[in-house]
Structures are given as C-alpha cells and as structure tokens.
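Visitor: sequence and predicted structure, then a few things I'm wondering about:
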Amino acid sequence: MSDTTRDRQHAESFRENADGYDAHRPSYPVESVRWLLGAAQDVVDVGAGTGKLSAELVALGASVTAIDPSADMLRVLGERLPQVETVEGSAEHLPIPDACADLVTFAQAWHWVDVDAATREVLRVLRPGGRLGLIWNTRDESVPWVDELSAAMHRGLHEASAYHPTLGAGLTIAGKHEQRWTQRTTREGILQLATTRSYYLTATESERTAMLDRIARVLDAHPETRADEILLPYVTEAWIAERFTPGC
C-alpha cells in the first residue's frame, strides 16, 4: 500500500464515530486560539470536525463558517453551534466565494491535505491581509508516562511530534505560538480517546484489542494514571501564515 493511499484511508476514517470524537478529543486553550484569531472577524474553519476549534472562535466573537467532508461531523457541530454555518467540502475544493474570509483555520487537519491545492484555495478565499491559521494538540511526551502512553497508542503513525507545516507557493509562516496545559480526564476517557484516532479506526479488531490492552497496562503502572481523575499533559502549537510573493 502506498503512503498516499494509506494517508487517504486514515483521513477518510474520521467520517465515522463523530459522537465519540466530540466526547473525547480535547479542545484548544483559549490563549492559543486568541493568538490565532488576532483581529480577524470572518473565519472559515476547514476540517472543522465536530467544532472543537469553531466553538472557541465563536466564544471569542468570530463569525465562523465550518467546512468538513463528513456530514456526520457537521451534524454534531450544528447541534452544538447552531449559529455556525456548516458546509460539506474539502480543503482542496472550498465551496465558498472568493475573498470572503479574514482567517482560514485548520485544527489537527493540515497534514491530511494536498498542500498545493489547499494553499491555492486558501489564497482564493482570503481577503487582502487575510491569514492562514494552523493549530495542533500534541500529548506532552516529555512526561515519562505520557511517552509510554504514546508508544502504546502506536506513536509515529500520524502523530504531531516535531511537526512543522509545509505550505504551498504564495504562503509563508509568519509566527508560532506554543502553550503547555493539561486536560482533566479519566482512565476510561483515555481509552476512549484512543478509539478516535485514525490508526485505531483503520485497524483490524485484533489490532484494536491489542492497542487497548497496551494502553491499559500503561495506565495500571503509574500512580498518576491510577487516580480517579487523570491530568493528561498537552502541548498546543499554533502557526500563522501570510501571503508571500517571491522577490518582494
């Protein structure tokens, strides 16, 4: 199987389990979202899923259009955020007019796109002075038990460690923001979190069982993860990209 085919299968896996994704995936810290939003008013949130980032943008006063290829994801988003316009579409084919956005965002999604095609579409829908915003949560693997947890969850398969976004022609990274924080969760919450990952969704039943068994052994091995409430450390990285014309 080619890397491109495998990536497409992993990306397509998010069309299912929208309710589980919404219940167990973390949101984003408000300081990171505020930095990403800046002075933007009209935001297009691409790969919006169930609205984890959209909800934070709305709370900060932005007008948001949410785009995702999954009708089920958008169903959950619409139930949570009825004030947000939802549109089925992809990064490579944004079904919205030219020059309609101050900011286009991708949360946990830019690594799935065709970078050149997505960049062309972002540039098309941005107004003059508009920007691209990317944001990503990564488990903080500098913490030993989190490092073991990531290994149990198949670390290295579509993970965000040491991720730096690649952009197409016409965009350049203009800034980065990083924040460490913790998500309050439980043993069951961590096990359910694993079931929302693309490598779980695309695995066989035996591979899924083996993964959950590995995770359970990690959770049994540490005082921090035997508690009723577990504090799961994350690092949130956000990037802002701006228009760039070579030679100018």
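Guide: Arrived safely. Residues are numbered from 1 along each chain as shown.

Visitor: which residue packs closest to Met230, ignoring adjacent ones?
Guide: Careful, residue 230 is Ile and not Met. With sequence-adjacent residues excluded and distances taken as CB to CB, 6 or more residues apart in numbering, Ile230 is closest to Thr185, at 5.3 Å. Every residue, glycine included, has its C-beta placed from N, CA and C.

Visitor: just the buried residues of the longest helix seen in the chain, please?
Guide: When every helix of the chain is counted residue by residue (DSSP state H), the longest turns out to be helix 205-220. By neighbour count on 16 or more other CB atoms under 10 Å, the buried set for helix 205-220 is Arg208, Met211, Leu212, Arg214, Ile215, Val218, Leu219.

Visitor: from Glu237, how far out is the most centrally placed residue in the chain?
Guide: Residue closest to the mean C-alpha point of the chain, counted by CA atoms, centre = their mean, is Gln108 at 1.8 Å. Counting by CB to CB, to the nearest Å, the gap from Gln108 to Glu237 is 11 Å.

Visitor: returning to that earlier point: list of residues touching the longest helix of the chain?
Guide: Contact with helix 205-220 is made by 145, 148-149, 152-154, 187, 190-191, 194-195, 200, 203, 225-226, 230, as judged by CB atoms under 8 Å, 6 or more residues apart in numbering.

Visitor: for the helix or strand that it is followed by, which helices and strands make contact with it?
Guide: Later in the chain than helix 205-220, the nearest helix or strand by DSSP states H and E is helix 223-226. When contacts are defined as 3 or more CB pairs under 8 Å, 6 or more residues apart in numbering; DSSP states H and E, helix 223-226 packs onto helix 205-220.

Visitor: mean confidence for the helix it packs on?
Guide: Averaged across helix 205-220, pLDDT comes to 95.

Visitor: pull the distance from that helix to the chain's centre.
Guide: On the basis of CA atoms, centre = their mean, to the nearest Å, helix 205-220 sits 24 Å off its chain's mean C-alpha point.

Visitor: begin at 612, not 1, for the rest of this chat.
Guide: Done: numbering now begins at 612, and the last item shifts to helix 816-831.
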